[in-house]
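Asker: Quick one, fold the following:
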Amino acid sequence: MLVAAAACPCPPLLVPTVAAGAAPELDAARAACTDALGVLAAARPELLVVVGPAERSGRGVLPEGSHGSFRGFGVDLDVRLGRDEDSGRELPPSLAVAAWLLERTGWSAAPIEGLGVGEPLEPERCIQSGRDIAARAERVALLVMGDASACRTLKAPGYLDERAAPFDAEVARALAAADVAALRALDAELAYELKASGRACWQVLAGAAEGANLGGSLLYEGAPYGVGYLVATWS
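Answerer: Take a look at the predicted model:
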């Protein structure tokens, strides 16, 4: 059963050495992510499942010990999901960011498992995946990585789209209210057009949270670089 969840953004820029001179711009988001992980640890889970968007090679279950790297972003930094020996599996960038956050906060509250989710995954399959995760143990926590739209400004990766701000506002409202129905109802096609990488992962959360009666709290909302970043907790 799901006892707690945290939603965090997943840009590699969260890692200060990747962001370099721009690092201070995301200080508030990093602090919110740290607070969110504290909520997960306080829930005393038996299992933490980290869910994040992934390209084809990084999809599926990733065991504890899977490794990631930021070398592709020009930084000599490697991370590992949890403390097990290297499993030989490579983390997609979203889960590498999650591994960095967990290492940064010294996570030791529970065993960890990763799940890379493809952006095209249909909502019902996402929801069923979440249900399956929640059934894995009596006390399950989720760390859900994903960004909102990438179309908030003219200089955003997806250019300016007037639909982006309302979409992000609805996601923020749903996360703040732990509104499972609203996350289930997110329009997958619109999310794709707005380059919102978190859609599928948020719908995994919706499936996992069915019947859990959790309350939500929004810790951070912003759109630096024209991309919507949200941090929220459910407990």
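
Asker: Name the next helix or strand downstream of the worst-scoring helix or strand of the chain on mean pLDDT, please.
Answerer: Lowest mean confidence among the helices and strands of the chain (mean pLDDT, DSSP states H and E): helix 16-19, at a mean of 92. Sequence-wise, the next helix or strand downstream of helix 16-19 (DSSP states H and E) is helix 27-42.

Asker: Tell me which other helices or strands that following helix touches.
Answerer: strand 2-8, helix 93-104, strand 140-145, strand 216-222, strand 229-234 (3 or more C-beta pairs under 8 Å, 6 or more residues apart in numbering; DSSP states H and E). (C-beta placed from N, C-alpha, C; glycine too.)

Asker: Redo those as CSV? Include distance to Asp35.
Answerer: Output for those, formatted as CSV (distance: least, C-beta to C-beta, whole Å):
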stretch, distance to Asp35
strand 2-8, 9
helix 93-104, 11
strand 140-145, 13
strand 216-222, 6
strand 229-234, 8
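
Asker: So which of the ones you listed is nearest Thr153?
Answerer: Each of the helices and strands packed on helix 27-42 has some distance to Thr153 by C-beta to C-beta; the shortest is strand 216-222, at 12.1 Å.

Asker: Give me the buried positions along the closest one.
Answerer: Gly216, Ser217, Leu218, Leu219, Tyr220, Glu221, Gly222 (16 or more other C-beta atoms under 10 Å).

Asker: ok, residues contacting that strand?
Answerer: 28-29, 32-33, 35-36, 172, 175-179, 228-235 (C-beta atoms under 8 Å, 6 or more residues apart in numbering).

Asker: what's near enough to touch the closest residue in space to Ser108 that isn't next to it in sequence?
Answerer: In this structure, Ser108 finds its nearest non-sequential neighbour in Arg83, 7.7 Å apart by C-beta to C-beta, 6 or more residues apart in numbering. Neighbour list for Arg83: Glu64, Gly65, Ser108 [criterion: C-beta under 8 Å, 6+ apart].
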